[in-house]
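A.B. asks: sequence unknown, structure follows:
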């Protein structure tokens with residue numbers, strides 16, 4: 001493993017276009033995390049690390065061993081190609097592809113245009129993704145990462161049991177000391193990917209203990225994530241060959257933004273689409289399975305899980321498309337669970353959505369609003385929870401997000417009207433999608449409007 005001096009790749013704001021020399025490799029890496037399932041445990045004495053670069057330098061010796069990551073921040077963003085960022089090849093690639101020259105585009109703004117034959121995405125380890133939780137070793141788990149610096153792409157990949165987060169009260173972005181076992185990401189065909197990506201070891205840490213750390217007298221910067229997508233280039237052959245030194249029909253584009261900001265992610269989504277449109281193309285992959293960003297892309301995580309992906313794109317990538325399609329068939333469906341709300345109502349739905357509705361219910365019960373408003377909000381939450389099984393997955397996610405925004409806004413001393421109105425509208429749209437079944441929700445929303453208006457600023 002190699003070290004490098006801080007560069008622009010460690011901060012937000014970098015936006016670049018890159019030639020796709022190996023789009024087949026990118027799609028294979030894009031798919032691989034969906035297949036992470038079984039790993040092998042190995043208890044023992046732990047070795048302590050305070051920087052991810054040191055972990056990656058020694059990771060081959062740590063397999064089946066126990067480690068402690070001291071004072072790392074934990075995030076639900078996951079390295080797209082674990083270990084590559086801190087490999088010697090990855091460090092050299094990023095150092096060689098930083099280009100101080102930039103293009104000022106009237107629509108896209110300032111764009112950095114690295115021109116190395118070794119793409120930052122294929123060789124430099126940039127790129128972060130966010131996946132929904134899944135069941136691993138009969139445990140409800142999140143795929144996350146531990147970061148000692150700022151760039152999530154270089155983090156240590158984690159499998160974190162949901163119960164550890166909830167019982168430990170550790171939020172995403174918090175600093176913690178993490179104990180766990182180093183395991184291979186096996187029985188997912190990742191060895192082939194590993195060999196093609198500069199011999200990065202296919203390992204992760206299965207977490208068995210998290211201790212929250214309170215940072216005092218120290219300012220902690222925000223984590224940086226790197227949404228990256230593969231896009232088709234519909235420009236003429238001549239235009240492709242004269243731009244950024246790539247002549248193929250595919251390219252990459254990425255944006256570096258702060259973790260924890262849905263508004264920045266939304267802006268990033270729009271920018272990535274605008275970039276593809278500039279070259280008469282379209283976005284093919286996405287980067288977030290938890291939120292519906294670019295969920296309609298032909299090879300989005302949402303469509304891969306539903307088996308509604310565009311097979312023709314894979315077949316046109318000039319590699320073993322049929323073999324990859326067989327692996328896609330192994331992708332597990334989104335995990336469905338049952339959650340009991342505080343009033344005894346049992347709701348069934350996707351892991352993330354059901355828990356989000358449960359969190360909203362608890363937030364309402366703990367709020368200091370008047371009893372009439374609190375009861376109406378609790379009724380709305382229960383009604384929406386009971387409706388989850390009748391909603392399309394994307395609609396359920398949007399409704400749960402709207403409910404989360406609503407309950408957080410109501411907790412403010414003076415709720416902002418434009419925020420709760422927008423949230424209620426999103427919930428009404430979800431209810432209207434199932435017609436008569438959703439009528440009770442529409443009625444409750446109508447009751448909430450004057451109650452919220454009375455307490456708003």
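C.D. replies: Done, it's in. Everything numeric in this text was worked out from a predicted model, so none of it was measured. Residues are numbered from 1 along each chain as shown.
A.B. asks: Tell me how many other residues crowd residue 74.
C.D. replies: For residue 74, the count of nearby residues is 27 (other CB atoms under 10 Å). Backbone N, C-alpha and C define where each C-beta goes, glycine included.
A.B. asks: That one and residue 223, how far apart?
C.D. replies: To residue 223, residue 74 is 10 Å away according to CB to CB, to the nearest Å.
A.B. asks: do residue 136 as well
C.D. replies: In terms of CB to CB, residue 136 sits 24 Å off from residue 223.
A.B. asks: Neighbour count: those two, which is higher?
C.D. replies: Applying other CB under 10 Å to residue 136 and residue 223 shows that residue 223 carries more neighbours, namely 23 against 18.
A.B. asks: Look at the closest residue to the more buried one other than its chain neighbours and say how many residues are nearby.
C.D. replies: Nearest residue to residue 223 in three dimensions, chain neighbours excluded: residue 259, at 3.9 Å (CB to CB, 6 or more residues apart in numbering). Residue 259 is flanked by 22 other residues according to other CB under 10 Å.
A.B. asks: ok, back up a step: touching both of residue 74 and residue 223, which residues are there?
C.D. replies: Common contacts of residue 74 and residue 223 (CB atoms under 8 Å, 6 or more residues apart in numbering): 147, 173.
A.B. asks: in the protein, which ranges drop under the pLDDT threshold?
C.D. replies: Where the chain drops to pLDDT under 70, the residues are 1-21, 32-44, 97-102, 112-119, 137, 185-202, 215-220, 235-248, 316-337, 457.
A.B. asks: Okay, domains of the protein per the record?
C.D. replies: 1-334, 336-455 (automatic domain parsing).
A.B. asks: who touches residue 226 in this structure?
C.D. replies: Per CB under 8 Å, 6+ apart, neighbours of residue 226: 126, 127, 128, 151, 152, 153, 254, 255, 256.
A.B. asks: Surely the fourth one and residue 91 touch.
C.D. replies: No: using CB atoms under 8 Å, residue 151 makes no contact with residue 91, being 12.0 Å away.
A.B. asks: Setting aside sequence neighbours, what's the nearest residue to the residue nearest the centre of the chain?
C.D. replies: A centroid search over the chain (CA atoms, centre = their mean) returns residue 130, at 1.6 Å, as the residue closest to the centre. The shortest distance from residue 130 to any non-neighbouring residue, by CB to CB, 6+ apart, is to residue 288 (4.7 Å).
A.B. asks: Enumerate every residue touching that neighbour.
C.D. replies: 129, 130, 227, 265, 294, 301.
A.B. asks: ok, which stretches of the stretch 51-200 of the chain are strands?
C.D. replies: 66-75, 78-79, 102-105, 109-112, 128-129, 134-136, 139-147, 156-161, 175-184 (DSSP state E, counting those that start in this stretch).
A.B. asks: coming back round to it: mind picking the two most distant members of the contacts of residue 288?
C.D. replies: Across the contacts of residue 288, the longest distance by CB to CB is 14.5 Å; it joins 265 and 301.
A.B. asks: who has more neighbours, the two?
C.D. replies: Counted by other CB under 10 Å, residue 265 and residue 301 do not tie: residue 301 has more neighbours, with 28 against 21.
A.B. asks: so residue 347 touches residue 355, yeah?
C.D. replies: No: contact between residue 347 and residue 355 fails when scored by CB under 8 Å: they sit 10.0 Å apart.
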